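Chemist: Provide a 3D model corresponding to the input given below.
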Amino acid sequence: MTDTALTAPVGDAEQAGGTPAASEEIVVLDYGGQYSQLIARRVRDCGVFSELLPHETPVQELARRKPRGIILSGGPASVYAEGAPRLDHRLLELGVPLLGICYGMQLLVHELGGRVEQAEVGEFGRSDLLVGDPGRLLQGTPREQTCWMSHRDTVFEPPPGFAALASSSASPVAAVENPQAGIYGIQFHPEVVHTPYGQEILTRFLGELCGCERTWSAASIVEDQIRLIRRQVGDANVICGLSGGVDSSVAALLVHRAVGDQLTCVFVDHGLMRKDEGEQVVSAFRDTFKVPLVAVDAETRFLRKLVGVTDPEAKRKAIGAEFIRVFEEQATELALAHGGTGARYLVQGTLYSDVIESGGGAGAATIKSHHNVGGLPEDMAFELVEPLRALFKDEVRAVGAELGLPERLVWRQPFPGPGLAIRIVGGEATKERLDLLRQADHILQEEIRRAGLYRELWQSFCVLPDVRTVGVQGDERTYGHVVVLRAVTSDDAMTADWARLPYELLETIASRMINELCEVNRVVLDITSKPPGTIEWE
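Modeler: Model (predicted):
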C-alpha cells in the first residue's frame, strides 16, 4: 500500500459487523500512513478492539463512541506543508489518553508549542534508540534498543510541560510524554515487527495508561455478532451467498447460529472456481453442517456476461451484479416456497481489508473494487448483513475455529469472489482459458501441499496473462501460454512479501505444467511484494 489515507467508514453498532457493544475501544485516527491499518491490528492483538477512522472524523462522533484512548497515526505530510492534516484541539478535551506515532507525534508537538524542523538527513528504516528517562510510556524497556523509523521532519524540542524520553542518531527527541495531560508521542513505529519492543509499548499504553481490559477475543466476537444479527434480522428470512471460502463460510455459520433456518445459503457455481471446489462446498454445508443450501449451476450465464470484457474493474462489477441477480431470483423462488415471504437480507463475508481497499470512507483511495463492496449494483433489493466487516482475516479464522469450522476450511487460502476471471489478465475470461488456468492452479496447489508449505503461505496461485511466447518442445517451435506463479506471506493481506519457495519445488511445478498442459510453454515467478504491488494482479 502507499501513503494514501485508506480508511473504513464509521461502524454502526446496531448492525451486524458494527462496533462491539463493549466500551473497550481504541480509535486510531488515520493521517495517511502506510502502517495505519497495522496499528489497529496490533491493538487488537493486545486484546482490545480498535477501529481505524479518518483523521477528520468529527470530535462529536469520537465523543459518542467513548473510546478509552486515541492513537494518531503516521503520515507522509510535513506539519509545515500547505494543506497538511491538522490537529483538532477539541481532541485534547475528550479526557482520554492520546498517543501520537511518527507524524502524529510531530503534529502534537508542533501544535502544543514544541519545535519540529526538517533535518538535514531523513531517518528511514532500522535505527538505534537510546532511552534516557523511560517515563511511564517506555518503562520496562531497555536503555538501548532498535526501532523502525520513517520520517523526514524531526522533533528538536518537546512542548512546555513535556519530558523527552529517548533519542536516536537522527532524532534528538524520539519520544515525549506529559502524563498529567495524558499525551504521549513516539517518533518510531511500534506496530511493525522491526521494533522489537513495540508491542510491549502499545500494551503498556493500553493497559497502564488507558486502563483497558483485554477482553477482545474470538469468543467475544461470536457473542457480539450473534446478538447484533438477531437484532438486525428479527424474524425475517435471510439469504447467504456462499463461496466456500473461509469468509463466507464463517459468515454463514455465524448467521445460522443466530437465526437458524431463517437462513438459506445459495451456492452459485459460476464456473470461475478452482478444481472440484463446488462439490466440496455443497458436501460440507449441506451434509456436514446441515445448513439449508441451494446450489445453482450458473456457469453459462456468467460466461455470457464476461464475453468481450477485459478490464478488471468491469469484470468485478459484471460478476458482482450477476451474483445479485442470481440471489434475487433465488429469493423469489424461496418466497414462493415460504408462502410469499421472501428473503429481506443478504449475508456477505465482507472483511475490513475489503472495505479499506475498496475506498470505504471519506478521503479513502480505491485500490480495487471488491465484488462484495464496490461491485454491488445500486438497485440491489436486499439489505446487507456483514458480520465480519470489522474483522481482519486472522480474526475471521479465530472465529471459524470457535464455531467449530473444520481446520481445512479455517486455513483455506483466500480466494477472490470473482474467482479465476480476474487471474486471466489483459484478456477475456473464456471457458478454454479458465479450464487451462484451473488445471495449472491444481498442479500448483498439489505441489505446495506435498511440500508442506500450504499453511505457511498467505496465498499461492497462478495468473494467466493474455500473452503467448515462443518455445521449443520435441524439436518443434511452439507458441504457447505463459503461466505466472504467485506466492506470498502475510499476516493480514494489508502488506505482503513474496515467498522464497525452494528452487527444487519451483522446478517441479514448472516441469509438471509444461509437460501436462500442452498449451503452456513457459512458467515465470512473480517476486513483487505489497507494496508496491497488490497480491492479486487485478
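Chemist: now the closest residue to Met494 other than its chain neighbours: which helix or strand?
Modeler: With C-beta to C-beta, 6 or more residues apart in numbering as the measure, Gln37 is the residue that lies nearest to Met494, at 4.7 Å, once sequence neighbours are left out. (Glycine included, C-beta is placed from N, CA and C.) Element membership of Gln37 [criterion: DSSP states H and E] is helix 36-45.
Chemist: do Asp435 as well
Modeler: Here Asp435 sits within helix 431-450, counting by DSSP H and E.
Chemist: what is the subsequent helix or strand relative to that helix?
Modeler: For helix 431-450, the following helix or strand on the C-terminal side (DSSP H and E) is strand 459-465.
Chemist: contacts for that following strand?
Modeler: Residues outside strand 459-465 that contact it (C-beta atoms under 8 Å, 6 or more residues apart in numbering) are 413-414, 423-427, 433, 436-437, 440-441, 444-445, 448, 453-454, 481-488, 490, 499, 526, 535, 537.
Chemist: ok, that strand: who's next to it in the sheet?
Modeler: Applying DSSP bridges, strand 459-465 is found paired with strand 424-425 (parallel), strand 476-489 (antiparallel).
Chemist: where in this protein is pLDDT low?
Modeler: 1-23, 119-121, 338-341, 356-380, 474-475, 492 (pLDDT under 70).
Chemist: most centrally placed residue in it?
Modeler: Geometric centre of the chain, nearest residue: Ser353, 2.5 Å, by C-alpha atoms, centre = their mean.
Chemist: that one contacts Leu391, doesn't it?
Modeler: No: in this structure, Ser353 is not within contact of Leu391 by C-beta atoms under 8 Å, at 9.2 Å.
Chemist: stretch 463-478 spans what distance, first to last residue?
Modeler: 20 Å (C-alpha to C-alpha, to the nearest Å).
Chemist: typo on my end, stretch 233-253
Modeler: End residues of stretch 233-253 are separated by 15 Å (C-alpha to C-alpha).
Chemist: quick one: contacts of stretch 77-90?
Modeler: Under C-beta under 8 Å, 6+ apart, the answer for stretch 77-90 is 31-32, 55-56, 59, 72, 75, 103, 106-108, 110-111, 116, 118, 152-153.
Chemist: same thing but at 6 Å, please
Modeler: Outside stretch 77-90, the residues within contact range by C-beta atoms under 6 Å, 6 or more residues apart in numbering are 31, 55, 59, 106-107, 110-111, 116, 153.
Chemist: how about TSV for those residues, with distance to Ala295 and neighbour count added?
Modeler: Converted to TSV, those look like this (distance: C-beta to C-beta, whole Å; neighbours: other C-beta atoms under 10 Å):
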residue	distance to Ala295	neighbour count
Tyr31	47	28
His55	46	25
Val59	50	14
Gln106	56	28
Leu107	54	24
His110	60	22
Glu111	59	16
Val116	61	21
Asp153	58	23
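Chemist: now for those: which two are most distant?
Modeler: The most widely separated members of the contacts of stretch 77-90 are Val59 and Asp153, with 25.3 Å between them, by C-beta to C-beta.
Chemist: related to what we said a few turns ago, which stretch among the strands paired with strand 459-465 comes nearest Glu25?
Modeler: Among the strands paired with strand 459-465, the nearest to Glu25 by C-beta to C-beta is strand 476-489 (30.0 Å).
Chemist: pull the CA atoms of stretch 309-328 into CSV?
Modeler: The C-alpha trace of stretch 309-328 is given here as CSV (Å, rounded to 0.1, in the frame of the first residue of the first chain):
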residue,chain,number,x,y,z
VAL,A,309,-14.8,-8.0,-21.1
THR,A,310,-11.1,-7.4,-20.4
ASP,A,311,-10.9,-4.5,-18.0
PRO,A,312,-10.5,-5.9,-14.4
GLU,A,313,-12.9,-3.4,-12.8
ALA,A,314,-15.5,-4.2,-15.4
LYS,A,315,-15.1,-7.9,-14.7
ARG,A,316,-15.6,-7.4,-11.0
LYS,A,317,-18.7,-5.3,-11.4
ALA,A,318,-20.2,-7.6,-14.0
ILE,A,319,-19.7,-10.6,-11.7
GLY,A,320,-20.9,-8.8,-8.6
ALA,A,321,-24.0,-7.6,-10.4
GLU,A,322,-24.8,-11.1,-11.8
PHE,A,323,-24.4,-12.6,-8.3
ILE,A,324,-27.1,-10.2,-7.0
ARG,A,325,-29.4,-11.1,-9.9
VAL,A,326,-29.0,-14.8,-9.1
PHE,A,327,-29.7,-14.2,-5.4
GLU,A,328,-32.8,-12.1,-6.3
